[in-house]
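> okay, structure incoming, though there's no sequence with it:
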């Protein structure tokens, strides 16, 4: 749950301030812009896809960590959510693989 | 229901929260823990829908496909709208934590309106696709697209209903700082729904077939 | 947290002056009190009784199946009727019997075992029960509305698509299971939060009883598995109702999508079915062997391991679908691995019994029967893991033998053990042990007569799910044996029902707090349980805390009763049992006041109202297709659901405490329970005194 982009948000103690939330939202908007921009490029497809997934993952992590406050909360909540998420990824990637879908 | 996290910024998050006055083993309230538990299960729900879409990507034997229909600029804007609604949601939470009830209502309503805008965008997109020959019956793409985004849209709509209910409670003076946690919990649901869209937008719209 | 918490009244919630739309009933007795109950104990009893009724229905379905198969080319049932019966038998036993029976115990016991007064969300708990009941009724209404589901309990698509299953049978299955799934998931959320958040001071996770641990693992399995079948059912519903193509082969739909989604749910589901019974057995063996459970941490970790590994084996239900050697080998190996934690548990149970000072009461017999029968089922399971073997066994009666040995021989035996063991705590009387032994031995005999031959029948090639077999196949002798066995099981069930009647009506032996000399917290409080559970929330120091309060060990390691802590001292001060352990506290003979400062959640109408809206929606969706996609009734149901949920959200969970808080309202005498003076010295009712109806919980709630 950390990337270069989150250093600017930094450690806030219990709560980010309103201004910091707006800054986080701006980061999310920029990342979305990059994603959409990438869509229109003609870089190698595999590379594009990987980058897109990574960027989506970063946005996911930022929203979860800061907006949903997971970074500052009791770690059991993080464990609960991550367990569900990892389980979903495992099961669904696994069955797609058995059906010959290249993920 | 008291919440010790209501004081701005000064207390450690690890302070025990209370459920109806009773101390809990984890220090988290029952309601908040329950929402996270539920969100864990929602990962499995949306994962199943997303994976079905993935399975059938490129396998439709007839009818229009994503390349024929997707309007990326349009969907990017509505994705951005939903993303910003997460900001307004968290600002609403910050407002009630400061007992700034006017701002609370402003940001709650803003979140609901942004969500409604997103839904309006979805409705527009759906009707456009239908006009252009894609329904749930047309092919695999139609079935998996409408069901996946439809499920998401229903989740957003339920979220809007909850937001409006909170706004209504606040207008009646019943949403005070002691009940901050209700706003937080609705917020968690809302952010989750946004996060699911982040995945859907990337995986369904942006990653080309 | 090592200080004792006084159960204080919380701050009056700010919405307390808004009583919500519907006034709550104030009478703790009578039908309305049961309809609006939010008490986990009553909800547990409701689950148990309802599940037992469904057990009888599922059993009748089984008997009809066995009658049809008793002879070759049987004429008892048509093929269509047979399909409906085996589908409903499986669906009933899995979703309407074992899961709710387990839920009955989860609900009743978990708060008691962790030292809590109720679950985290009492109204949600009630909602789960009512939705279960209505889901089951909805499913069974299909018999009268055109035919019951007939696609197998696994509902393989596209066989269950509208093309091949044009009637409403499958629609009943889809919507019925959705209702049940929502009920289970809500229950899982409730229980997880309860176990994580509401344990008594000093009760760390590794001091929880094994049954509570298995409940925790099962609840996580339910939480994560149910959404998967929810999606599968929705996809099938969209195919059937709205012409989607998920399982339409013409459009490129893949039948294996259904199988993957179903078994991704279905395999964790079987662990959901067995883990609670394993938990019950883990509690019962130590009590009746008078030895601590061998390897408590290992048993807990094995349960957790099974919970995790259970997600990695589902393709073993699909070995014959042509997935290719890589997938098949991977899942074959993972399936073999999952036998390890299961085997570890079995060894630990055996080690618990080994050299114990055994008391072979009925609960112990069923628990030991569980170990033996489940092991047999586990062994046939291991043969399934070997995928070339499975190619021969799949879709034959060998599989039927396997899963009945683990689900009947396992889960049902375990549940029966639990019923006999916890009966006194729940109802305040003891089930007769002599009749119980008859029950056990005839049940064991009947079970083995029915299912053992199926191993052979399967290996000889008898296929599943086909309504007849030909005379020339040489299958008839074993089929006849199996059918006879099924009726022996029926006799055993009747003996059990007789036992319930006999022990409740005819010869009531009133139970003390701790009739079995138990180890866990539920045995520290009166039988039947007072409605507030614990007068004082206990402070826990170790696993089997109660046992250690009662006993220390002598130099040979044998338990020695601590003189000062007899059973009476385990009760709250100011009360003692009489010579035969008749507990007078808060149980029979009412009139006892609640200890001060206890604030319990209030009853509510909204759970049942919300639950009622859901079958309305389901019928609406089901019949909407017929009337030209007119979904008005479904919409009405949805609106009703919203209204009920909204009002529920605004209703405070408890009425504010009475103004004169020093004197909580007196608990009126419970219906049907005899006043103390109406019991003779042996605890049996004196002639003419009401004996108490079954299922009575006797404590005024």
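Good, I have the coordinates. Because the structure is a prediction, the values reported are computed rather than measured.
> I figured residue C:433 hits residue C:361, correct?
Yes. At 5.5 Å, residue C:433 and residue C:361 qualify as touching, with contact defined as CB atoms under 8 Å. Placement of C-beta: from N, CA and C, glycine included.
> so between the two, which is more surrounded?
residue C:361 (21 against 16; other CB atoms under 10 Å in any protein chain shown).
> residues contacting that one?
Residues counted as contacts of residue C:361 (CB atoms under 8 Å, 6 or more residues apart in numbering or on different chains) are C:288, C:420, C:433, C:436, C:516.
> need those residues in JSON lines with distance to residue A:43, can you?
Formatted as JSON lines, those follow (distance: CB to CB, whole Å):
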{"residue": "C:288", "distance to residue A:43": "70"}
{"residue": "C:420", "distance to residue A:43": "69"}
{"residue": "C:433", "distance to residue A:43": "77"}
{"residue": "C:436", "distance to residue A:43": "74"}
{"residue": "C:516", "distance to residue A:43": "71"}
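> quick one: least confident helix or strand in chain A?
The least trusted helix or strand in chain A, going by mean pLDDT, DSSP states H and E, turns out to be helix A:45-62, with a mean of 90.
> now do the buried residues in it.
Going by neighbour count (16 or more other CB atoms under 10 Å in any protein chain shown), the buried part of helix A:45-62 is A:48, A:49, A:52, A:55, A:56, A:58, A:59, A:60, A:61, A:62.
> and the average pLDDT for the host helix or strand of residue A:80 is what?
Under the criterion of DSSP states H and E, residue A:80 resides in helix A:75-98. Across helix A:75-98, the average pLDDT comes to 92.
> was I right to think residue C:267 contacts residue C:313?
Yes. In this structure residue C:267 lies within contact range of residue C:313 using CB under 8 Å: 5.7 Å.
> care to break the chain down by domain?
All of this refers to chain A. Per the record, chain A has its domains at A:4-72, A:74-103, by automatic domain parsing.
> please refer instead to chain C.
For chain C, the structural domains run C:14-506, C:606-650, going by automatic domain parsing.
> kindly reformat the ones you listed as TSV containing mean pLDDT.
Shown next, in TSV, are those (pLDDT from 0 to 100):
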stretch	mean pLDDT
domain C:14-506	95
domain C:606-650	92
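> what's the most buried one of the ones you listed?
A comparison of the domains of chain C by mean neighbour count, using mean count of other CB atoms under 10 Å in any protein chain shown, puts domain C:14-506 on top with a mean of 21.
> so which residues of chain B form strands?
Counting by DSSP state E, chain B has strands at residues B:18-19, B:22-23.
> now do the helix or strand hosting residue C:263 against helix A:75-98, angle only.
Per DSSP H and E, residue C:263 falls inside helix C:255-289. Going by axes from the mean of the first three to the mean of the last three CA atoms, to 10 degrees, helix C:255-289 is angled at 130 degrees with respect to helix A:75-98.
> other SSEs contacting the next helix-or-strand element following helix C:255-289?
Sequence-wise, the next helix or strand downstream of helix C:255-289 (DSSP H and E) is helix C:296-309. Contacts defined by 3 or more CB pairs under 8 Å, 6 or more residues apart in numbering or on different chains; DSSP states H and E place helix C:296-309 against helix C:210-242, helix C:255-289, helix C:325-353.
> can you list those in JSON lines and add distance to residue C:547?
Output for the helices and strands packed on helix C:296-309, formatted as JSON lines (distance: least, CB to CB, whole Å):
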{"stretch": "helix C:210-242", "distance to residue C:547": "14"}
{"stretch": "helix C:255-289", "distance to residue C:547": "9"}
{"stretch": "helix C:325-353", "distance to residue C:547": "14"}
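> for chain B, which of those is the nearest?
Each of those has some distance to chain B by CB to the nearest CB; the shortest is helix C:210-242, at 3.8 Å.
> tell me what angle that closest one forms with helix A:75-98.
With the same axes, to 10 degrees applied, the angle from helix C:210-242 to helix A:75-98 works out at 50 degrees.
> so does helix C:210-242 get close to chain B?
Yes. Against chain B, helix C:210-242 shows contacts by CB under 8 Å from any CB of the partner chain at C:223-228, C:230-232, C:234-235, C:238-239, C:242.
> mind putting the domains of chain A into a markdown table with distance to residue C:172?
What follows is these, written out as a markdown table (distance: least, CB to CB, whole Å):
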| stretch | distance to residue C:172 |
| --- | --- |
| domain A:4-72 | 39 |
| domain A:74-103 | 28 |
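> list the contacts for residue C:414?
By CB under 8 Å, 6+ apart, residue C:414 lies in contact with C:274, C:276, C:277, C:278, C:280, C:281, C:366, C:367, C:370.
> no, scratch that, I was asking about residue C:99
By CB under 8 Å, 6+ apart, the residues touching residue C:99 are C:180, C:184, C:272, C:273.
> quick one: secondary structure of it?
Here residue C:99 is helix, with the state taken from DSSP: H, G, I helix; E, B strand; the rest coil.
> roughly how far apart are it and residue C:221?
Residue C:99 sits 11 Å away from residue C:221, going by CB to CB, to the nearest Å.
> now do the shared contacts for these two.
residue C:272.
> which residues touch the residue nearest to residue B:69 when sequence neighbours are not counted?
In space, residue B:69 comes closest to residue B:129 once its chain neighbours are excluded; the distance is 5.4 Å by CB to CB, 6 or more residues apart in numbering or on different chains. Applying CB under 8 Å, 6+ apart to residue B:129 gives the contacts B:64, B:69, B:142, B:145.
> over to residue C:325?
If you count contacts by CB under 8 Å, 6+ apart, residue C:325 has none.
> equivalent analysis for residue C:39, please.
Residue C:39 makes contact with C:118, C:122, C:531, C:600, C:701 under the criterion CB under 8 Å, 6+ apart.
> swap in residue A:54?
Contacts of residue A:54 by CB under 8 Å, 6+ apart: none found.
> by mean pLDDT, show me the worst of the strands of chain B.
Per-stretch mean pLDDT for these is lowest at strand B:18-19 (a mean of 46).
> so what's residue C:648 up against?
Contacts of residue C:648 by CB under 8 Å, 6+ apart are C:123, C:604, C:606, C:607, C:610.
> could you measure from it over to residue B:181?
Relative to residue B:181, residue C:648 is positioned 18 Å away (CB to CB).
> residue B:25 - how many residues pack around it?
Using other CB under 10 Å, residue B:25 is surrounded by 18 other residues.
> hang on, isn't it packed against residue C:195?
No. Residue B:25 lies out of contact with residue C:195 (CB under 8 Å); the separation is 9.0 Å.
> re the thing from before, okay if I get the contacts of residue C:361 as a markdown table plus distance to residue B:154 and secondary structure?
Shown next, in a markdown table, are the contacts of residue C:361 (distance: CB to CB, whole Å; DSSP: H, G, I helix; E, B strand; the rest coil):
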| residue | distance to residue B:154 | secondary structure |
| --- | --- | --- |
| C:288 | 52 | helix |
| C:420 | 46 | helix |
| C:433 | 55 | helix |
| C:436 | 51 | helix |
| C:516 | 50 | coil |
